[in-house]
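Peer 1: my questions are about this predicted structure, shown below with the sequence.
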Amino acid sequence: MIIDEGSVDAIRELINIGVGRAAGLLNEMTGTHIHLMVPEVRILRYADLVRENRVLEHDRLSAVTLKFEGSFSGISMLVFPPESAAILITALTGERIAAPDLDALRIETLNEVGNIVNNAVMGSITNVLNEHLTYSMPTYLEGSIAEIIETGRTVDYDWVILAISQFSLADLQVVGTIMMIFEIGSLDTLLKKLQDAEGHRI
């Protein structure tokens, strides 16, 4: 499979549509002005994911995962390093809780944010492609990126779309990562459907 800049641009556009929708929903939910942007999108091999050294380098990450199945299948997840998770929770709830101590309120809040972002991003993709996917219930996980993506894994993956996302709340900056991890053959299917839907060569 050849992944060119056109492929990445098309996916970046859809992800940006999704995060824009997610920001609007979060603004309504919290009454806080949240700006979301995705300055960087990359497609990489699943085997290379654990070697990522940006927000994924921490031993303890917070992730909200959403499994999807259909003509293409895999997992969508929103991942935060501990410092960003703590800032986001404080901004949204007004409570300051030590970063290592994730209580029920923090987990519930992160789960809500992750669910909104995951659904908005996947929804922007399926709307353009006129596809219907089946989703599992969102799951909250903590650990290294290797521990998170291996939890409960029963299938093989081959490609990952990795999107660095920036949340801006007032003067606070929060960095997270949106990831879509695809089962073998699924990214090929997605790119072919994008080509058909958008009429340009991918």
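Peer 2: Thanks, I have the structure now. Numbering: from 1, shown residues only.

Peer 1: what helices or strands is the helix or strand of the chain with the lowest mean pLDDT leaning on?
Peer 2: Least confident helix or strand of the chain, by mean pLDDT, DSSP states H and E, is helix 82-93 with a mean of 81. Counting contacts by 3 or more Cβ pairs under 8 Å, 6 or more residues apart in numbering; DSSP states H and E, helix 82-93 packs against strand 61-69, helix 104-129, strand 157-169, strand 172-183. Where C-beta positions appear, they are placed from N, C-alpha and C, glycine not excepted.

Peer 1: quick check: buried residues in the first one?
Peer 2: Across strand 61-69, burial judged by 16 or more other Cβ atoms under 10 Å covers L61, S62, A63, V64, T65, L66, K67, F68.

Peer 1: could you pull up the residues touching the third one?
Peer 2: Looking back up the chat, that one is A63. For A63, the contacting residues are M77, L78, V79, F80, G114, Y140, L141, E142, I148, by Cβ atoms under 8 Å, 6 or more residues apart in numbering.

Peer 1: do the fifth one as well
Peer 2: Under the criterion of Cβ under 8 Å, 6+ apart, the contact partners of T65 comprise I75, S76, M77, G114, N118, P138, T139, Y140, L141, I148.

Peer 1: surely the fifth one meets S76?
Peer 2: Yes - A contact is recorded between N118 and S76 when judged using Cβ atoms under 8 Å, the distance being 4.6 Å.

Peer 1: which residues are common contacts for these two?
Peer 2: With Cβ under 8 Å, 6+ apart as the test, N118 and S76 both reach T65, L66, I178.

Peer 1: tell me the angle the host helix or strand of V19 makes with strand 172-183.
Peer 2: Per DSSP states H and E, V19 falls inside helix 5-30. On the basis of axes from the mean of the first three to the mean of the last three Cα atoms, to 10 degrees, helix 5-30 is oriented at 130 degrees to strand 172-183.

Peer 1: just list what helix 5-30 packs against, helices and strands only.
Peer 2: Against helix 5-30 (3+ Cβ pairs under 8 Å, 6+ apart) you get strand 34-45, helix 104-129, strand 157-169, helix 186-198.
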